[in-house]
Every structure is written in C-alpha cells, then in structure tokens.
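K.L.:
sharing a sequence plus its predicted fold:
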Amino acid sequence: MTKLVVLGVCGSVAAIESPKLARELARRGISTVSVMSASARRIIHPDVMEWATDSEVITEITGKVEHVKLCGVGGKASLLLICPATANTISKIANGIDDTPVTTFATTALGSGIPVVIVPAMHSSMYKNPFVVENLKKLKKNKVRVIEPRFEEDKAKLADIKEIADIVLEGI
Ligand SMILES: Cc1cc2nc3c(=O)[nH]c(=O)nc-3n(C[C@H](O)[C@H](O)[C@H](O)COP(=O)(O)O)c2cc1C
C-alpha cells in the first residue's frame with residue numbers, strides 16, 4: 001500500500017526545495033499532502049505544492065479537522081516531515097505552542113506517536129541562537145528526528161533532498 005507523508009512547509013527561502021522533495025518522495029512511491037504556514041505562502045505559492053503533491057494543500061485547519069484525520073491516532077499519515085523548518089516553528093513545537101497549521105500537525109503527530117522528522121534551514125546566526133539550540137535538543141530528546149543542515153556561506157542550509165528522502169523512507 002502507498003505510504004502517505006504530511007509535508008509541512010515553513011517560511012524559509014529553502015521552501016523553494018519543498019516541491020522538489022515532494023517529487024523525489026513520489027519517485028520512491030510515497031504520496032504527500034502539504035501543509036503550509038502563512039509565512040511559507042509568502043515564499044512559494046500553494047499551487048506549486050498542489051502540483052508537486054497532486055493533492056489539495058492545507059493552509060488552515062478547518063471543520064474537516066485535517067490534522068486529526070491525517071496525524072491523529074489511526075490517522076492516514078505514516079510520518080510528518082517538516083521541511084524546511086524555521087527557527088520559529090522549531091521553537092514553537094519544542095514548547096508546545098500551536099498557532100499555525102504546521103504546528104497544529106506537529107502537536108497532533110507528537111501526541112499520537114506518528115514519527116516526526118524536522119529539517120532546519122536558516123542563517124547560522126539563527127541556528128546558533130542558544131534558545132534554538134536548546135529547543136532542537138528538546139525535540140531530539142522527545143524522539144523527533146532532526147536532519148542536520150549543511151553549513152555553507154554562513155548558512156545552515158537544508159540537507160540534501162535525496163538524503164532527506166532516504167531518511168523518510170527508512171522512517172515509515
Ligand atoms: C525571504 C525570507 C526568508 C526567510 N528565511 C528564513 C529561514 O531560512 N529560516 C528561518 O528560520 N526563518 C526565515 N525567515 C523568517 C521566517 O519566515 C519567520 O520567522 C516566520 O515567522 C516563520 O513562520 P513559520 O515558522 O510559521 O513559517 C525568512 C523570512 C523571509 C521573509
């Protein structure tokens with residue numbers, strides 16, 4: 001049976017890689033549904049995620065309770081992948097804050113035991129912020145898989161798309 005991954009997209013420039021990641025997962029037989037934060041939608045248009053996932057994009061939680069249907073107990077998704085994950089979303093999740101569609105999916109997935117994989121991308125200065133460092137540690141302690149960034153040009157750049165897809169395939 002085809003596995004389903006929820007792909008959370010946050011407001012990092014690295015969001016331009018998210019459609020490529022969805023296509024890479026599709027090549028490996030994994031279906032995706034995308035959930036986007038408002039900041040992510042300022043960087044890439046939901047239409048490109050709709051095209052890449054061949055599925056309607058979740059930009060807000062509605063009366064359909066999308067988060068529960070996909071990431072609740074017995075939900076349809078096998079894994080929640082947040083790529084790219086911003087400093088903001090990382091810190092919110094680590095502190096149980098839930099005020100965006102992406103953080104609502106994280107709250108639900110962590111509470112129902114669905115694996116969560118986070119792929120940070122940001123400037124090195126943001127990545128080295130002691131609170132971000134602490135929050136990433138907290139997430140790891142709570143079984144969230146963090147795929148480490150590549151450090152180039154003073155940036156904590158998104159890990160390689162194929163490496164991310166390999167890790168997702170292992171995790172579902
Ligand atoms: C063009 C642009 C690029 C950004 N790139 C990043 C980034 O790579 N990493 C990051 O953590 N924040 C980045 N930000 C800041 C986030 O968008 C901001 O913290 C926002 O509140 C994140 O919201 P979200 O976590 O709900 O997506 C960027 C903002 C803009 C406008």
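P.N.:
That came through, no problem.
K.L.:
enumerate the residues of the chain near the ligand.
P.N.:
For the chain, the residues in contact with the ligand (CB under 6 Å from any ligand atom) are 10-14, 37, 39-40, 43, 86-89, 100, 121-122, 126. (Each C-beta comes from the backbone N, C-alpha and C, glycine too.)
K.L.:
filter those down to the buried ones, ChimeraX style.
P.N.:
Command for ChimeraX that selects the buried part of the residues of the chain next to the ligand, burial taken from 16 or more other CB atoms under 10 Å:
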select :10,11,12,14,37,39,40,43,86,87,88,89,100,121,122,126
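K.L.:
return the subset of the residues of the chain next to the ligand lying in strands.
P.N.:
With strands taken from DSSP state E, the overlap with the residues of the chain next to the ligand comprises Met122.
K.L.:
among the residues of the chain next to the ligand, which are in helices?
P.N.:
In helices, judged by DSSP state H, the following of these are found: Ala40, Ile43, Ala87, Asn88, Thr89, Met126.
K.L.:
I'd like these as TSV, with pLDDT and distance to Ser55 appended.
P.N.:
Shown next, in TSV, are those (pLDDT from 0 to 100; distance: CB to CB, whole Å):
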residue	pLDDT	distance to Ser55
Ala40	98	16
Ile43	98	20
Ala87	98	28
Asn88	98	25
Thr89	98	21
Met126	97	31
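K.L.:
reformat those as TSV; add distance to Pro149.
P.N.:
TSV is the format used below for those (distance: CB to CB, whole Å):
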residue	distance to Pro149
Ala40	18
Ile43	17
Ala87	12
Asn88	16
Thr89	15
Met126	11
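K.L.:
now do the contacts for the residue located most distally from the centre of the chain.
P.N.:
Most distant from the centre of the chain: Glu153, at 23.5 Å, with distances by CA atoms, centre = their mean. If you count contacts by CB atoms under 8 Å, 6 or more residues apart in numbering, Glu153 has none.
K.L.:
for Phe131, same thing?
P.N.:
Contact analysis of Phe131 by CB under 8 Å, 6+ apart lists Ser91.
K.L.:
report the buried residues of the strand or helix carrying it.
P.N.:
Following DSSP states H and E, one finds Phe131 within helix 130-141. Across helix 130-141, burial judged by 16+ other CB under 10 Å covers Val132, Asn135, Leu136, Leu139.
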